[in-house]
Each structure stands twice: as structure tokens, then as C-alpha cells.
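K.L.:
Next one to model:
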Amino acid sequence: MEPSKIIVIGSSAGGVDALQRLCARLPRDFAGAICVAQHIAPSARSVLAELLNRAGPLPASSPRDGDPIEPGRIYVGSPDHHILVRPGRILMRRGPHENRTRPAANALFRSAALAYGARAVGVVLTGLLDDGTEGLIAIKAAGGISVVQDPEDAEWPSMPRNALSRDHVDYSVPLTEIPGLLSVLVGQPAGPDLPLPPEYTIEDKIAAQDFAVMDQDVTTPGSPSHISCPDCGGVLNQIDVQDEIRFRCQIGHAFTPLGLAAAQSEELERALSIAVRTHRDRLKLFDQMRESARARKLSHAEARWTNAAEEAGHMIRVLDDAISTLNKPMADGEA
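P.N.:
All right, here's what the predicted structure looks like:
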């Protein structure tokens with residue numbers, strides 16, 4: 001039997017504890033189905049489904065591709081797979097990363113908006129950056145309901161705070177109040193489904209399949225930008241939908257503005273770290289050559305290597321300062 005409503009939850013840093021606390025307060029007769037996209041390291045073995053299964057009365061599991069969606073059950077995305085929904089069933093697919101993560105809340109939320117329309121309820125919990133914000137906008141545009149954990153109550157407030165920075169959130173409450181709110185929402189009749197822009201359907205198709213087997217008729221939405229993809233180096237298309245800007249390349253890698261800025265910072269930090277290591281090796285070489293010139297009483301050569309060593313030391317300090325600046329977090333809500 002298909003559930004009357006589907007609850008899709010996105011979380012990141014601090015999410016494991018928050019999800020356990022939420023599931024512990026759900027009633028045994030909860031009528032909706034719950035799907036969870038928690039950011040997980042791709043190489044990790046996730047025990048989240050087991051933890052949630054023990055935390056509360058509802059059974060939780062990591063589904064297989066094509067499993068049916070049943071009321072009163074919790075479905076947890078597996079590492080390195082997007083968890084997506086279709087009417088009455090789960091998809092587990094290794095589609096392109098979104099903000100360098102898989103599973104991604106935006107991918108799950110977008111699929112729920114398309115498959116369930118006004119019967120979808122999106123929930124954003126604790127986490128970094130802004131995964132879930134775009135997905136909540138899609139759910140609201142389809143006639144569904146959006147819920148955000150109160151940022152003051154969240155262990156990591158960035159995800160809920162960025163979601164609240166848009167004018168689409170129906171409820172913002174502490175974590176302890178979310179289970180009761182969800183119980184009320186699943187018992188209420190849904191409003192009418194609203195049509196979604198075609199870009200959502202295309203992006204959902206991209207998330208649902210690997211690029212190698214992608215339908216050749218699927219064209220990346222948006223217009224080419226002057227920005228390259230941090231993951232593959234291809235050109236990013238800029239997509240403007242529902243007053244939101246996001247980016248996606250021809251391979252399918254997707255980024256929100258905050259996610260793209262974070263990915264660019266990671267690439268810069270990696271490049272600067274290589275430069276620092278190289279300059280430190282050069283400094284060792286210059287010091288060695290200076291000592292050699294001094295031992296041979298070659299004053300001009302000694303001065304040349306001394307100057308080179310000073311320049312290398314200066315560059316190391318400049319690069320270290322640049323790395324420290326990159327590591328400073330962006331202010332919440334910047335997009």
C-alpha cells in the first residue's frame with residue numbers, strides 16, 4: 001500500500017544524532033513513509049539504518065533499487081548512491097554528484113516534488129552549506145510542505161539557516177517538535193499538485209542514471225557560463241529556476257553557488273598546498289647550496305643562494321596566509 005504522504009529528510013554534519021532523536025519520537029502508527037539523505041563518505045560502511053532501526057518504533061533499512069515504498073517505514077540512502085523516489089518505489093542510483101556529495105538532499109527532494117507533488121514534505125536538519133535549500137523550493141513549487149530545524153537548535157546551523165534565507169519555508173521548529181509536526185502533517189489532506197518547470201524533470205533524469213547510460217536526448221538545462229566544473233573541468237551551465245541560481249556541467253555534476261564556492265576553495269587549497277611543498281623543497285635546496293658556497297668561500301654564490309632562500313621563505317608565508325584565508329567559512333546565507 002502506497003503511503004498517503006512521503007517525508008524526505010536531508011542532513012549533513014550532526015545529522016546522525018539528530019536523525020536518531022527524531023526517529024525516537026515518531027509514533028508506531030506513523031502513516032507516512034520517510035526517506036533520508038544523510039551525507040556519508042563514499043568509502044564508508046554506513047550503519048545509519050541500523051541505528052535508526054534501534055532508535056524508534058519504525059523499521060529502517062537501506063533499500064535496494066526498485067524496492068516498494070510502504071507507509072510506516074524509513075528508507076536510508078546508501079554511501080555513494082543517490083536515494084530518489086518514484087510513485088510507489090525507491091531508486092538507488094549512482095548519478096552525478098551534487099555539491100560533491102552522493103546521496104544529496106537536493107536530488108532526493110527534487111524527485112519527491114516530481115513524484116508526489118503536494119503529498120511531499122521536505123525536512124532540512126543540521127548540516128554545512130546549503131544542500132536541501134533548492135530541493136525545498138522544488139517541493140514548495142509542487143504544492144508540498146517544507147520544514148526546517150530551527151538553526152539555533154541545530155548542532156551545525158548552516159543548512160537550516162540557508163534554507164530559511166529563502167521565503168519558502170512553512171515551519172521552522174526545534175528538533176524535538178519535528179516528529180509531532182510530521183504526525184500532524186501526514187494526517188492532513190494534501191492540496192492540489194502544481195506543475196513544475198521542465199528543468200526539474202531533466203535534472204531528476206540526470207540524477208537517476210550514470211552518465212555512461214544517459215539518454216542521448218537529455219540536454220543539460222541552462223545556459224553556458226564562464227565557469228568550469230571543479231570535478232571534471234567542463235563548462236558549467238547556469239540554471240535559473242524559481243529565483244534560484246545553480247550550476248550543472250554536461251557530465252551532470254551539480255552545484256549550488258555556496259557548494260561551487262566551497263569546491264573552488266578545495267581546489268585552490270590543494271594547488272596552494274602543492275606550491276607550499278615545492279617552495280619548502282626549494283628552500284632546502286637553497287640552504288644546502290648556500291652552505292656549500294660558504295664552505296668553499298664563494299661569497300657571490302653564497303649571497304645569491306641566500307637571496308633565493310629568503311624569497312622562497314617569503315613565498316611560503318604568503319601561501320600559508322592564502323590557505324588560512326581560504327579556510328575561513330563563508331557567512332551563512334551568502335549565495
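K.L.:
any idea how far residue 186 is from residue 305?
P.N.:
The spacing between residue 305 and residue 186, counted by C-beta to C-beta, to the nearest Å, is 74 Å. The C-beta positions use only the backbone N, C-alpha and C, and glycine is treated the same way.
K.L.:
what does residue 154 give?
P.N.:
When residue 154 is compared with residue 186 (using C-beta to C-beta), they lie 23 Å apart.
K.L.:
Name the residue in the two with the higher neighbour count.
P.N.:
Per other C-beta atoms under 10 Å, whichever of residue 154 and residue 186 has more neighbours is residue 154, with 24 against 21.
K.L.:
In space, what's closest to the more buried one - neighbours in sequence excluded?
P.N.:
Counting by C-beta to C-beta, 6 or more residues apart in numbering, residue 154 lies nearest to residue 126, which is 4.0 Å off, once chain neighbours are set aside.
K.L.:
again with residue 316
P.N.:
residue 279 (4.9 Å).
K.L.:
same deal with residue 57?
P.N.:
Using C-beta to C-beta, 6+ apart, the closest residue to residue 57 is residue 28 (4.1 Å).
K.L.:
Please list all residues in contact with residue 158.
P.N.:
Counting by C-beta atoms under 8 Å, 6 or more residues apart in numbering, residue 158 touches 127-130, 332.
K.L.:
Flag the least confident of those.
P.N.:
Among the contacts of residue 158, residue 332 has the lowest pLDDT, at 51.
K.L.:
Next, name the residue at the spatial heart of the protein.
P.N.:
residue 131 (4.3 Å; C-alpha atoms, centre = their mean).
K.L.:
per-residue confidence at the nearest residue to that residue once chain neighbours are set aside?
P.N.:
Closest residue in space to residue 131, ignoring its immediate chain neighbours: residue 105 at 4.6 Å, by C-beta to C-beta, 6+ apart. If you check residue 105, the pLDDT there is 97.
K.L.:
Surely the residue nearest to residue 154 is within a strand?
P.N.:
No - with DSSP: H, G, I helix; E, B strand; the rest coil as the criterion, residue 126 is coil rather than part of a strand.
K.L.:
Neighbours of it, how many?
P.N.:
For residue 126, the neighbour count with other C-beta under 10 Å is 24.
K.L.:
Same check on residue 283?
P.N.:
18.
K.L.:
Now do the same for it: helix, strand or coil?
P.N.:
Assignment for residue 283 (three-state DSSP): helix.
K.L.:
Quick check: nearest residue in space to it, chain neighbours excluded?
P.N.:
Among residues not flanking residue 283 along the chain, residue 312 sits closest, at 4.3 Å (C-beta to C-beta, 6+ apart).
K.L.:
Let me see the contact set for that neighbour.
P.N.:
Residue 312 touches 279-280, 282-283, 286, counting by C-beta under 8 Å, 6+ apart.
K.L.:
ok, now with 10 Å
P.N.:
Taking C-beta atoms under 10 Å, 6 or more residues apart in numbering, we find residue 312 in contact with 278-287.
K.L.:
I'd like the residues you listed written out as CSV, with pLDDT and distance to residue 34 added.
P.N.:
Formatted as CSV, the contacts of residue 312 follow (pLDDT from 0 to 100; distance: C-beta to C-beta, whole Å):
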residue, pLDDT, distance to residue 34
278, 94, 50
279, 90, 52
280, 93, 51
281, 95, 53
282, 93, 56
283, 93, 56
284, 94, 57
285, 95, 59
286, 95, 61
287, 93, 61
